[in-house]
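Asker: got a structure for you, letters missing:
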């Protein structure tokens, strides 16, 4: 594991000394509307230097953390199954090394590879899912591996009641009916998040943040913008409520930076990335 040359802010620790690993999965091969999420990870790294290392919300500082930035995986075009296998392999190496990880997408399908690795090593894994879309279709245009099906595939791994969904405001009627039976759905906003997170106790937790959970008024740089979303401050406060959970892995995905030339969407993605990294890195090691 060689150190990445261009790292996210203050993530320059060596592999051996790190307790948290950052890596990118720049893939958008199944994007159904506006492609470009493959450019998210390098944009987040580059613009991270506009941030301070200190979070006044969490009272934590990345300068005090040991984060290894492994750079972006080199993923093949046109083969989602191989992409997921490569992501799973890398995430497994991180977890087997006794570390936690934050993966930068890419489209939301990349979550499946990382969750496969986490679920294999952490029985009873719970997934906290922030998104505008349910992502519970069984297939999209006949394709079972899609950013529109990722949570259905995750459900096949984790089972009923293990996926906790927040901010969902778009999907087919069948997806909402499926969620009513098989997932813990909190539609439209993030108001129930703190209470739901507190009920997870010491269970192993994976966090998946599709940034289109945010309203396009504050986050338009994404492939499938959906009006009626959360304000940035709401998402920031939800991430603050991750403190105390047994976090084993996380991802932040679906930034397509070129749809927001102002840079505001990338700035939002950078700040959420910093906050999640701090939550991962500040944990006491658990068995």
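Answerer: Yep, that arrived. The shown structure was predicted, so the numbers you read here are calculated from the model rather than taken from an experiment.

Asker: confirm residue 274 sits in a helix?
Answerer: Yes: the assignment for residue 274, made by DSSP: H, G, I helix; E, B strand; the rest coil, places it in a helix.

Asker: burial count for it?
Answerer: 25 (other C-beta atoms under 10 Å). C-beta here means a position set from N, CA and C on the backbone, and glycine is covered the same way.

Asker: residue nearest the centroid of the protein?
Answerer: Nearest to the mean C-alpha position of the chain, by C-alpha atoms, centre = their mean, lies residue 251 at 2.2 Å.

Asker: just the mean pLDDT for the helix or strand containing it, thanks.
Answerer: Taking DSSP states H and E as the definition, residue 251 sits inside strand 246-253. Mean pLDDT, strand 246-253: 98.

Asker: what is the distance between it and the centre of its chain?
Answerer: How far strand 246-253 lies from its chain's middle: 6 Å, per C-alpha atoms, centre = their mean, to the nearest Å.

Asker: dump the residue contacts of residue 94.
Answerer: Neighbouring residues of residue 94 by C-beta atoms under 8 Å, 6 or more residues apart in numbering: 21, 23, 100-101, 117.

Asker: and the strands in the stretch 151-287 of the chain?
Answerer: 163-166, 184-186, 204-210, 246-253 (DSSP state E, counting those that start in this stretch).

Asker: which of those strands sits closest to residue 131?
Answerer: strand 204-210 (4.0 Å; C-beta to C-beta).

Asker: please name every helix or strand in contact with the closest one.
Answerer: For strand 204-210, the elements it packs on are helix 110-121, strand 126-130, strand 246-253, helix 264-281, judged by 3 or more C-beta pairs under 8 Å, 6 or more residues apart in numbering; DSSP states H and E.

Asker: on that earlier part again, a markdown table for the strands of the stretch 151-287 of the chain, including distance to residue 197?
Answerer: As requested, the strands of the stretch 151-287 of the chain are exported to a markdown table (distance: least, C-beta to C-beta, whole Å):
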| stretch | distance to residue 197 |
| --- | --- |
| strand 163-166 | 8 |
| strand 184-186 | 11 |
| strand 204-210 | 8 |
| strand 246-253 | 11 |
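
Asker: quick one: the helix or strand hosting residue 81 to chain centroid distance?
Answerer: Using DSSP H and E, residue 81 sits in helix 80-96. Mean C-alpha position of helix 80-96 versus that of the full chain (C-alpha atoms, centre = their mean) differs by 15 Å.

Asker: list the buried ones in it?
Answerer: Buried residues in helix 80-96, defined by neighbour count with 16 or more other C-beta atoms under 10 Å: 80, 83-84, 86-88, 90-95.

Asker: quick one, what contacts the residue nearest to the centre of the chain?
Answerer: So residue 251 contacts 25, 102-105, 110-111, 114, 207-209 (C-beta under 8 Å, 6+ apart).
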